[in-house]
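**Student:** Return a 3D structure for these sequence lines:
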Amino acid sequence: MRRVVWSFLLLTLLAPVAYGDGRRWVSFRNEGTGQSSAKQVPVTWAPNRGIRWKASLPGYGQSAPVVWEDRVYVTCVEGSNKEKNLILALNLQEGHVLWKQELVSSMPAANHYMVSRAAPTPVADGDGVYAFFESGDLVALSHTGQVRWQRSLSRDYGAFQNGHGIGSSPAQSADRLIVLIDDRAASYLLAIDKKTGRTLWKTDREPASAWTSPVVWKRGRGMVIVSAAGKAQGYDLLDGRLLWQAGDLTGNLIPSPAVEGDCVYIGASVSSRSASGQSAAESNCCLKLVERDGKVEVERVWQARKAVCYYASPLVYRGYVYYVNSAGVLYCLDSRTGQEQYAERIDSACWASPVAVGDRIYFFGRNGVTTVVRAGKRFEKLASNTLWTAEDAPLPEVSYAYTPRGATAPRAPSAEYLDPIVYGVAVVDRAILIRTGTHLFCVR
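**Tutor:** Okay, here's the model as predicted:
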C-alpha cells in the first residue's frame, strides 16, 4: 500500500499546477512558487507615475506582505528591545490601516540591523492571517483582527540562540501551519493545527543556524521540503517522518528551495566549499525525486558551474531556473539540463525573491529598482523601474547601531545594510506591493 501511495504521489507531482487566485498572495513566495496568476500587473512605474499609495509603517519589518482579496497584511516590531510585535491590515485600494494588533514579545532582543526584525512572512487563508515572529510568538487572527489563538514556541521548546535571529517563514496546507526552526540551541520542524494552535507533530533536526523557509508540496499525501545547513530533506506532511535526504550542499543558509514537477531546485549563496570540496555553485542544483521499492530516493540531475544565489531564492518557471548573485548578475539555466542560457547584469542585487507573471519576471532590487525581463532563454530587458529618488527615499525610523560582544562602543552598519532596503513583495491583480523596513508601496 505504501508503494502505491508514493507512486501516486510522484505521478501527481508531474501534474500541471495552478498558482492560486490572482486576488491573493498568501505566503512567502506565494506558497513557495514565486509565481502569480494575477492579471494586468504593471510593467513600468516611477516615483511620480504608477504608485497608487505609500504607507508609513510603525517600527521596522523585513517580512513580505501577504494579500487576501481587499486586505494587505504586514508585520513589524517596535521598541529598543523589540518589545512589541505588530500585525497590520491595510486596505488594498487606498492603503489606509483597517486595524492594528499589538502583542507583547515573549522573548525581547536588541533591535538592530544584525538581527532579524519581523523577518518571517505571515500566511493567510479564508479564516484569517497567521503571524510568526523571531521571538517565537505565533498568533492566529481573524480577518477583522481578533485573536483566535496565540502561543510562544520559545517558551514551549526553549529560547532561541541563533546569533542573527530567526528568519524562516511559515508554510501552510489546508489545515496546518509548518514552522521550521534551525537554531544553535535546538532545531525542529513543527506542524500546528490552524484551528486550535496545538502541535500536531514535531520532528527534531540537527542543531544548525539557517534562515531558509520550508515549502509544502501539496501532491498526493503531501510533503514538506526543506533546504538548509548543508542538506535538503523531504518530510511527510501528515506525520513529520523523514522521507528522503540529500547532503553535501554548502551555502544553502538563506535561499529557500523551488519545486516543480518531481524536481527540487536548491539555492546556495556563498563561494566557500564544503568538507568534501563541493562549491556553492555546484550546490545550486536540481534534485529529482525517484520512487524505488516503495521509498523516495533522490538523484542529483545537474549542478551549476557558475550560478549562485544571494538572499533571493531561485525561481523555476516555464522550463528555466533563475538565480541572482550578490553582484546583481542574473543567471538563466535550462531547468532540465542545467545548461546556462545567459548571465546578464540587472539593475541591482536582490534581497526579495523574484516573481513570475505571464511572460514576465520581476527582479526587485534591494535599492528600490525593479528590473523586468521577458521569461525565456534569451535575455530581454523590458523595464527598469524606480520607487523613489534620493530626495524622497524612505528613511529608517529606528536606530541601527549595535555593540558587538567585547566592544566598548556601538558599530554603525556597512553600506550593504543601510536603508532603504526592499525586503519583500506580493503580486495580485493590477497591483504590486513592495515592502521596505519602514514603508509599504502599492504600484498599480
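
**Student:** Give the pairing partners of the helix or strand hosting Gln101; include direction for each.
**Tutor:** Using DSSP states H and E, Gln101 sits in strand 97-104. Here strand 97-104 is paired, per DSSP bridges, with strand 84-91 (antiparallel).

**Student:** does Asn30 count as helix, strand or coil?
**Tutor:** Recorded secondary structure, Asn30: helix (DSSP: H, G, I helix; E, B strand; the rest coil).

**Student:** in the sheet, who's paired with the closest residue to it other than its chain neighbours?
**Tutor:** Among residues not flanking Asn30 along the chain, Ser36 sits closest, at 6.0 Å (Cβ to Cβ, 6 or more residues apart in numbering). All C-beta spots, glycine's among them, are computed from the backbone N, C-alpha and C. Per DSSP bridges, the residues bridged to Ser36 are Val357.

**Student:** hmm, back to that, which secondary structure elements does the following helix or strand past the strand holding Gln101 sit against?
**Tutor:** The helix or strand immediately downstream of strand 97-104 is strand 123-125, counting by DSSP H and E. Strand 123-125 sits against strand 66-68, strand 128-132, strand 171-172, with contacts defined as 3 or more Cβ pairs under 8 Å, 6 or more residues apart in numbering; DSSP states H and E.

**Student:** State the distance from Val74 to Arg435.
**Tutor:** The gap separating Val74 from Arg435 is 6 Å, by Cβ to Cβ, to the nearest Å.

**Student:** Residues that sit against both of the two, list them.
**Tutor:** Common contacts of Val74 and Arg435, defined by Cβ atoms under 8 Å, 6 or more residues apart in numbering, comprise 61, 63, 65.

**Student:** Go through the residues you listed and single out the one with the most neighbours.
**Tutor:** Gly61 (30 neighbours; other Cβ atoms under 10 Å).

**Student:** picking up where we left off before, any chance of the shared contacts of Val74 and Arg435 in CSV, plus pLDDT and distance to Ala352?
**Tutor:** Output for these, formatted as CSV (pLDDT from 0 to 100; distance: Cβ to Cβ, whole Å):
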residue, pLDDT, distance to Ala352
Gly61, 96, 13
Ser63, 98, 11
Pro65, 98, 11
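
**Student:** Relative to Ser168, which of the residues you listed is nearest.
**Tutor:** Nearest to Ser168 among the shared contacts of Val74 and Arg435 is Ser63, at 11.3 Å by Cβ to Cβ.

**Student:** Now do the strands in the stretch 101-250 of the chain.
**Tutor:** Using DSSP state E, counting those that start in this stretch, the strands of the stretch 101-250 of the chain run over residues 123-125, 128-132, 137-141, 147-152, 171-172, 176-181, 187-193, 199-205, 215-217, 223-228, 231-236, 242-246.

**Student:** With mean pLDDT, distance to Pro396 and mean neighbour count as extra columns, can I get the ones you listed in JSON lines?
**Tutor:** Converted to JSON lines, these look like this (pLDDT from 0 to 100; distance: least, Cβ to Cβ, whole Å; neighbours: other Cβ atoms under 10 Å):
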{"stretch": "strand 123-125", "mean pLDDT": "98", "distance to Pro396": "27", "mean neighbour count": "22"}
{"stretch": "strand 128-132", "mean pLDDT": "98", "distance to Pro396": "22", "mean neighbour count": "26"}
{"stretch": "strand 137-141", "mean pLDDT": "98", "distance to Pro396": "23", "mean neighbour count": "23"}
{"stretch": "strand 147-152", "mean pLDDT": "98", "distance to Pro396": "28", "mean neighbour count": "15"}
{"stretch": "strand 171-172", "mean pLDDT": "98", "distance to Pro396": "30", "mean neighbour count": "22"}
{"stretch": "strand 176-181", "mean pLDDT": "98", "distance to Pro396": "28", "mean neighbour count": "24"}
{"stretch": "strand 187-193", "mean pLDDT": "98", "distance to Pro396": "31", "mean neighbour count": "21"}
{"stretch": "strand 199-205", "mean pLDDT": "98", "distance to Pro396": "34", "mean neighbour count": "16"}
{"stretch": "strand 215-217", "mean pLDDT": "95", "distance to Pro396": "31", "mean neighbour count": "25"}
{"stretch": "strand 223-228", "mean pLDDT": "97", "distance to Pro396": "29", "mean neighbour count": "26"}
{"stretch": "strand 231-236", "mean pLDDT": "97", "distance to Pro396": "36", "mean neighbour count": "22"}
{"stretch": "strand 242-246", "mean pLDDT": "97", "distance to Pro396": "40", "mean neighbour count": "17"}
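
**Student:** Make CSV from those and add distance to Thr370 to it.
**Tutor:** Below are the strands of the stretch 101-250 of the chain laid out as CSV (distance: least, Cβ to Cβ, whole Å):
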stretch, distance to Thr370
strand 123-125, 24
strand 128-132, 26
strand 137-141, 30
strand 147-152, 36
strand 171-172, 26
strand 176-181, 29
strand 187-193, 34
strand 199-205, 36
strand 215-217, 24
strand 223-228, 26
strand 231-236, 30
strand 242-246, 34
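
**Student:** Go through these and name the closest to Ser326.
**Tutor:** Ser326 lies closest to strand 223-228 among the strands of the stretch 101-250 of the chain, at 18.7 Å (Cβ to Cβ).

**Student:** where does the stretch 151-300 of the chain have low pLDDT?
**Tutor:** Scanning the stretch 151-300 of the chain for pLDDT under 70 picks out the ranges 270-279.

**Student:** same thing but at 80, please
**Tutor:** Scanning the stretch 151-300 of the chain for pLDDT under 80 picks out the ranges 219-220, 270-280.

**Student:** Same check on the stretch 1-150 of the chain?
**Tutor:** 1-20.

**Student:** mind putting the helices and strands packed on strand 123-125 in CSV, distance to Ala383 included?
**Tutor:** As requested, those are exported to CSV (distance: least, Cβ to Cβ, whole Å):
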stretch, distance to Ala383
strand 66-68, 22
strand 128-132, 32
strand 171-172, 31
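
**Student:** May I see the buried residues of stretch 340-349?
**Tutor:** 341, 344, 346-349 (16 or more other Cβ atoms under 10 Å).

**Student:** Export those to CSV and append columns for secondary structure, distance to Ala119 and pLDDT.
**Tutor:** Putting the buried residues of stretch 340-349 into CSV (DSSP: H, G, I helix; E, B strand; the rest coil; distance: Cβ to Cβ, whole Å; pLDDT from 0 to 100) gives the following:
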residue, secondary structure, distance to Ala119, pLDDT
Gln341, strand, 32, 98
Glu344, strand, 30, 98
Ile346, coil, 24, 98
Asp347, coil, 24, 97
Ser348, coil, 20, 96
Ala349, coil, 18, 96
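
**Student:** could you dump these to JSON lines with distance to Ser80?
**Tutor:** Listed next are the buried residues of stretch 340-349 as JSON lines, based on distance: Cβ to Cβ, whole Å:
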{"residue": "Gln341", "distance to Ser80": "48"}
{"residue": "Glu344", "distance to Ser80": "43"}
{"residue": "Ile346", "distance to Ser80": "37"}
{"residue": "Asp347", "distance to Ser80": "35"}
{"residue": "Ser348", "distance to Ser80": "31"}
{"residue": "Ala349", "distance to Ser80": "30"}
